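J.: Attaching a predicted model along with its sequence, questions to come.
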Amino acid sequence: MAQQDLDRNHAASPYKLEKAREKGQVAKSPEVVAAVVFATAVVFLAWQGWGACRDMFRLDHALLIQATRLGPQSGALWPLVARGLRGTLVQLAPLLAMLAIAAVAANILQTGPVFSFHPIKPDWTRINPATGFKRVFTMRTLFVAIRSLVKLGFLALVCTFALKALLPQFYRLAGLSPLGLTRTLLDDFSALGLKIALTLGFLALLDLIYMRYEFAKQMRMSNREMKDEHKHREGDPRIRARLRELRREMLKRVMALRRTREADVLITNPTHVAVALRYEHGQMASPQLVAKGKGYMAAVMRKIAARHQIPVVQNPSLARQLYRELGVDHHVPPDLYAQVARIIVWIFARRDAQRARRQPTIPPSRSSAWIS
């Protein structure tokens, strides 16, 4: 069994992926989120960096002018500090909002909307020192360390080549005005950030591909898991077979209700049980049970008999015995011939008498020769 569980050769079923998603287990790369957030910051710096710096300079200039007018015992210091904090937050609000939206969008684009409280449920195994120590020395930790080193190496190469390309401009920085220097540095930082963002995006794409491959590998299923899931979803085969048998039996009884109109007599309990019998002389050895019902079905059978003018005979013991011992389309057994024969003879005699009143000359009545 253990070897069978280790042979995970089947891709994860949609049901298992859905259950894992409900627990918050999805294929997601944090590198994609970091790359998207960094790229958003670079775009904001290139788009609104200069305007934001000028507004911040104006705010600082106004605060410094007001600070020089304050005395040593002045009570306007804290309002001035509050004004500076409010102004700074106003300047940073667009950037913070864009970063938050970028982080949420990066997660949704990878996995779609996932709402699960399972990851934040208390798990006491996480604070177990032995478990934490084992988690440190794993292949996953080694992979993360190697990935970080590779990422750092790529970023170092990109920064080196980018700074070498900007090196001729460094000699001209000393001759620029403060505003010109700020504008030049913002442009250089934007160009450098764009190259770093492209590098991070490339590494994030590789990491996303690997994370999805690893997640699919972790979600693989063995033959035993496939069978267990099928049993869990569909139920035990014996129970399903029994349910199918019961459904077929119920369908057969419901379809048999329609055959009540073909019966010659309806024997009742008088209200709880009803059985419908049909007899054709010369073609049947004994009467045939064409329909039976209990409770609501018995009431429906009585309505059908009244609609089609089928005689209803109340014989509780015979009705219960026929209902219990005979199935639909089965014939009356020899031990019940005598009881059923009296009813059939009376029904046919009553029918012949009604025909005789309507027609002066009629053929001889059907015989009950099956009684012997």
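T.: Yep, it's here.
J.: Show me the strands in the stretch 151-300 of the chain, by range?
T.: Ranges of strands in the stretch 151-300 of the chain, per DSSP state E, counting those that start in this stretch, are 265-268, 273-278, 288-294.
J.: Buried deepest among those, which one?
T.: Among these, strand 273-278 has the highest mean neighbour count (mean count of other Cβ atoms under 10 Å), at a mean of 26. Heads up, the C-betas are built off the backbone N, CA and C, glycines and all.
J.: what is the orientation angle of it with strand 288-294?
T.: Per axes from the mean of the first three to the mean of the last three Cα atoms, to 10 degrees, the angle that strand 273-278 makes with strand 288-294 is 160 degrees.
J.: What strands line up against strand 273-278, and which way round?
T.: Here strand 273-278 has these sheet partners by DSSP bridges: strand 265-268 (antiparallel), strand 288-294 (antiparallel).
J.: so how far is it off the chain centroid?
T.: 48 Å (Cα atoms, centre = their mean, to the nearest Å).
J.: export the strands paired with strand 273-278 to a markdown table and tack on distance to Pro178?
T.: Shown next, in a markdown table, are these (distance: least, Cβ to Cβ, whole Å):
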| stretch | distance to Pro178 |
| --- | --- |
| strand 265-268 | 108 |
| strand 288-294 | 99 |
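J.: So which bits of the helix or strand encompassing Trp47 are buried?
T.: Remark: Trp47 resides in helix 30-68, with elements defined by DSSP states H and E. Using 16 or more other Cβ atoms under 10 Å as the burial criterion, the residues of helix 30-68 that qualify are 31-46, 49-50, 52-53, 59.
J.: And the spatially closest residue to Arg8 that is not a sequence neighbour, its phi and psi?
T.: Distances taken as Cβ to Cβ, 6 or more residues apart in numbering put Arg220 closest to Arg8, at 3.7 Å, once the chain neighbours are dropped. Here is the backbone geometry of Arg220 (degrees, to the nearest 10): phi -60, psi 150.
J.: Arg220 contacts Lys16, doesn't it?
T.: No. Using Cβ atoms under 8 Å, Arg220 is not in contact with Lys16; the gap is 9.6 Å.
J.: The lengthiest helix in the chain vs helix 30-68, what angle?
T.: What stands out as the longest helix in the chain, according to DSSP state H, is helix 178-218. Per the same axes, to 10 degrees, the angle that helix 178-218 makes with helix 30-68 is 150 degrees.
J.: Would you mind pulling up the elements that helix 178-218 packs against?
T.: Judged by 3 or more Cβ pairs under 8 Å, 6 or more residues apart in numbering; DSSP states H and E, helix 178-218 is in contact with helix 30-68, helix 139-170.
J.: Save these as a markdown table, and put in mean pLDDT and distance to Leu206 too.
T.: Output for these, formatted as a markdown table (pLDDT from 0 to 100; distance: least, Cβ to Cβ, whole Å):
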| stretch | mean pLDDT | distance to Leu206 |
| --- | --- | --- |
| helix 30-68 | 86 | 9 |
| helix 139-170 | 84 | 9 |
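J.: how about these in TSV, adding distance to Gln283?
T.: Below are the helices and strands packed on helix 178-218 laid out as TSV (distance: least, Cβ to Cβ, whole Å):
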stretch	distance to Gln283
helix 30-68	80
helix 139-170	80
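J.: now the protein, which segments are flagged as low pLDDT?
T.: Filtered on pLDDT under 70, the chain yields the residue ranges 1-6, 71-76, 117-138, 233-237, 253, 256, 359-372.
J.: if you set the cut-off to 50 instead, what comes out?
T.: Within the chain, the ranges that satisfy pLDDT under 50 run 1-5, 361-362, 365-372.
J.: Against Thr88, how distant is Ala67?
T.: 15 Å (Cβ to Cβ, to the nearest Å).
J.: same check, this time on Leu203
T.: 33 Å.
J.: So which of those two has more stuff around it?
T.: Neighbour count, other Cβ atoms under 10 Å: between Leu203 and Thr88, Leu203 has more, with 20 against 13.
J.: can I assume that one is in contact with Val32?
T.: No. Using Cβ under 8 Å, Leu203 makes no contact with Val32, being 9.7 Å away.
J.: Between the two, which contacts overlap?
T.: The contact sets of Leu203 and Val32 do not overlap (Cβ atoms under 8 Å, 6 or more residues apart in numbering).
J.: Confirm that Arg8 sits in a helix.
T.: No. With DSSP: H, G, I helix; E, B strand; the rest coil as the criterion, Arg8 is assigned coil and is not in a helix.
J.: Look up how far Leu251 lies from it.
T.: From Arg8 over to Leu251 the distance is 42 Å, taken as Cβ to Cβ.
J.: Please say which of those two ends up with more neighbours.
T.: For Arg8 versus Leu251, neighbours defined as other Cβ under 10 Å are more numerous around Arg8 (17 against 10).
J.: Surely Ala263 and Leu289 touch.
T.: No. Applying Cβ under 8 Å, one finds Ala263 not in contact with Leu289, separated by 9.0 Å.
J.: Next, show the common contact partners of these two.
T.: Taking Cβ under 8 Å, 6+ apart as the contact criterion, the common neighbours of Ala263 and Leu289 are Ala276, Leu277.
J.: For Val313, pull up the helix or strand it's in.
T.: Judged by DSSP H and E, Val313 forms part of strand 312-314.
J.: Go through that strand and flag the buried ones.
T.: For strand 312-314, the neighbour count (16+ other Cβ under 10 Å) marks Val313 as buried.
J.: and the next element down the chain from that strand?
T.: Next helix or strand after strand 312-314 toward the C-terminus (DSSP H and E): helix 316-325.
J.: now the angle between strand 273-278 and that next one, please.
T.: Interaxial angle, helix 316-325 versus strand 273-278 (the same axes, to 10 degrees): 80 degrees.
J.: just checking, what packs against helix 316-325?
T.: Applying 3+ Cβ pairs under 8 Å, 6+ apart, one finds that helix 316-325 contacts strand 265-268, strand 273-278, strand 288-294, helix 337-358.
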